[in-house]
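Peer 1: I would like the atomic coordinates for the input below:
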Amino acid sequence: MPSSARLRIRVIPILTALLGGLGVGGCDRRQQAPPAAPVAEVAVVTVQTQPLVLTTALPGRTSPYRIAEIRPQVNGLILKRLFAEGSDVQAGQELYQIDPAPFQAVLDNAKAALGRAEASLPALRLRAYRFKEALAAKAVSQQDFDDADAALKQAEADAQYWKATVETARINLGYARVISPISGRIGTSTVTDGAIVTAYQPMPLATIQQLDPIYVDVPQSTSDLLRLQHRLKEKSLNHDGTDQNKVRLILEDGTPYPLEGTLQFRDISVDPTTSSVILRAVFPNPDGVLLPGMFVRGVAEEGVNGQAILIPQQAVSRDPKGNPVALVVETGGKVGQRRLSLDRAIGDQWLVSSGLASGDRVIVEGMQKVRPGAEVKVVPFDDGRKQGTEPGKAAQPAAK
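Peer 2: All right, here's what the predicted structure looks like:
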């Protein structure tokens, strides 16, 4: 038998066995069902409504309660400065001494002239009285009496004039002592000893600012003001249990100011460049921590939202249009999607205006592994603290 024939005889059984094995294996794979996909596990928080005091944090600046620019009221030479720059001064304290010699001389001259005018009055009064009696007896003419009476009245007018001159000279002499009109902290002096000053000059000698108490002016946009009024009108906010006149303060370094202030007034005019109104609060400042011009944040209470819904910020994502959405586990363990309306951020949570209701289970962790309609396994979310508002956190406005 040829070698090629023998080779074919050997190869055919081997190929038959291999093809048979492949056929059986293929049948076995077609008969086996694919393994079921594992159910994704997600962590959820159960939404609960709660009363929440809403606050608004607004940037502002401090300004002195009272400010006085010290200017001389008479011309003269500064003899001495009587205060330490940067110190606290009291109302009525002498700050500068202007040379009083010229004003003392004017006062003495006016007193002498007054004395001379008053010295002639008794004689003129007696003369006018005698002429009046003589006129009744027809002993003097009417003209003589009129001249005596006119001389008396002129002397009395001169005496009144010199009395006013004496008082003016006394006032100017008093102005030689430059007195502090208010209590507060005085700044740098713009003049030194020996300087010549003029009455009511444009440049002040020094400036005094009263810092206790102190004003804090914060601008509030008209849109925020209208939003607050709208929410109060809808009764989604109420003022029960809150003091609308109390204001807290956050300093530049983020630390809270220990003393509360009182809201004094809200301006009635809108700034056309910023579309805002000014809120002015008064804060006690006994230790001088607050200085004029400091940047601060005022935290004012708006009211109480009795049905507030808070969820962790990580539970909120955005759809392709930028709208805030959240995934929830609906009845039956399937995932659903809710479109939300957010009010503001409070700490690390969102205050939800609409889109969720009490009892909804919001997915906080595992959102990347699921899609709406998928079945999930639910476990409670634990962030290490009780859900709610963190104390001391100011409410910040959020984009709708």
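Peer 1: wait, what's in contact with D149?
Peer 2: Counting by Cβ atoms under 8 Å, 6 or more residues apart in numbering, D149 makes contact with A128, F131, K132. (Each C-beta comes from the backbone N, C-alpha and C, glycine too.)
Peer 1: pLDDT value on it, please?
Peer 2: At D149, the model reports a pLDDT of 85.
Peer 1: could you pull out the helices for the stretch 101-250 of the chain?
Peer 2: 101-119, 121-136, 142-175, 222-233 (DSSP state H, counting those that start in this stretch).
Peer 1: mean pLDDT lowest where, among those helices?
Peer 2: Taking the mean pLDDT of those, helix 222-233 comes last: a mean of 68.
Peer 1: shouldn't E301 be in contact with V53?
Peer 2: Yes. Counting by Cβ atoms under 8 Å, E301 touches V53, with 6.1 Å between them.
Peer 1: for the contacts of D149, which single residue is the most surrounded?
Peer 2: Ranked by neighbour count under the definition other Cβ atoms under 10 Å, these are headed by F131 with 21 neighbours.
Peer 1: enumerate every residue touching it.
Peer 2: Applying Cβ under 8 Å, 6+ apart, one finds that F131 lies in contact with V140, D144, F145, A148, D149.
Peer 1: which one of those residues has the most neighbours?
Peer 2: That'd be A148 among those, by other Cβ under 10 Å, with 21 neighbours.
Peer 1: would you mind measuring from that one to S141?
Peer 2: 11 Å (Cβ to Cβ, to the nearest Å).
Peer 1: same check on P256?
Peer 2: From P256 across to S141, the span is 93 Å (Cβ to Cβ).
Peer 1: remind me, longest strand of the protein?
Peer 2: What stands out as the longest strand in the chain, according to DSSP state E, is strand 50-70.
Peer 1: mean confidence for it?
Peer 2: For strand 50-70, the mean confidence score works out to 88.
Peer 1: in this structure, which residue is closest to the centre?
Peer 2: Nearest to the geometric centre of the chain sits V218, at 3.2 Å (Cα atoms, centre = their mean).
Peer 1: tell me who's in contact with that residue.
Peer 2: So V218 contacts L58, P59, G60, I278, L279, A281, R297, G298 (Cβ under 8 Å, 6+ apart).
Peer 1: got the angle between the strand or helix carrying L310 and strand 50-70?
Peer 2: For L310, the host element (DSSP states H and E) is strand 295-312. Angle, strand 295-312 to strand 50-70, by axes from the mean of the first three to the mean of the last three Cα atoms, to 10 degrees: 170 degrees.
Peer 1: sorry, back to before: most neighbours, which of the contacts of V218?
Peer 2: G298 (26 neighbours).
Peer 1: state the distance from it to S180.
Peer 2: When distance is defined by Cβ to Cβ, G298 is 31 Å away from S180.
Peer 1: returning to what we had before: give the buried residues for the longest strand of the chain.
Peer 2: Of the residues in strand 50-70, 52, 54-58, 60, 62-65, 68, 70 count as buried by neighbour count, 16 or more other Cβ atoms under 10 Å.
Peer 1: now it, how far from the chain's geometric center?
Peer 2: Remark: strand 50-70 is offset 3 Å from the chain centroid, using Cα atoms, centre = their mean, to the nearest Å.
Peer 1: how close does the nearest residue to the residue nearest to the centre of the chain once chain neighbours are set aside get to L54?
Peer 2: What sits nearest to V218 in space, not counting adjacent residues and going by Cβ to Cβ, 6 or more residues apart in numbering, is G60, at 3.1 Å. Distance of G60 to L54, given as Cβ to Cβ: 19 Å.
Peer 1: ok, now M203?
Peer 2: M203 sits 49 Å away from L54, going by Cβ to Cβ.
Peer 1: give the rounded mean pLDDT of stretch 285-292.
Peer 2: If you average the pLDDT over stretch 285-292, you get 90.
Peer 1: what does stretch 176-192 give?
Peer 2: Mean per-residue pLDDT for stretch 176-192: 94.
Peer 1: can you give me the buried ones in stretch 321-332?
Peer 2: So stretch 321-332, judged by 16+ other Cβ under 10 Å, has buried residues P324, V325, A326, L327, V328, V329.
Peer 1: those into TSV, with extra columns for distance to G76 and secondary structure?
Peer 2: Putting the buried residues of stretch 321-332 into TSV (distance: Cβ to Cβ, whole Å; DSSP: H, G, I helix; E, B strand; the rest coil) gives the following:
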residue	distance to G76	secondary structure
P324	71	strand
V325	77	strand
A326	77	strand
L327	82	strand
V328	82	strand
V329	86	strand
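Peer 1: closest to V74 out of the residues you listed?
Peer 2: V74 has its nearest neighbour among those in P324, at 69.6 Å by Cβ to Cβ.
Peer 1: report the contact partners of the nearest residue to that closest one once chain neighbours are set aside.
Peer 2: Spatial nearest neighbour of P324, chain neighbours left out: L340 (4.5 Å); criterion: Cβ to Cβ, 6+ apart. Residues in contact with L340, defined by Cβ under 8 Å, 6+ apart, are V316, N323, P324, V325, A326, W350, V352, S353, S354, G355, L356.
Peer 1: filter those residues down to the ones in strands?
Peer 2: Among the contacts of L340, the members falling in strands (DSSP E) are P324, V325, A326, W350, V352, S353, S354.
Peer 1: surely the fifth one is in contact with Q307?
Peer 2: It stands for V352. No. Under the criterion of Cβ under 8 Å, V352 makes no contact with Q307, lying 10.6 Å away.
Peer 1: and the two? Which one has more around it.
Peer 2: Between V352 and Q307, V352 has the larger neighbour count (other Cβ under 10 Å), namely 24 against 11.
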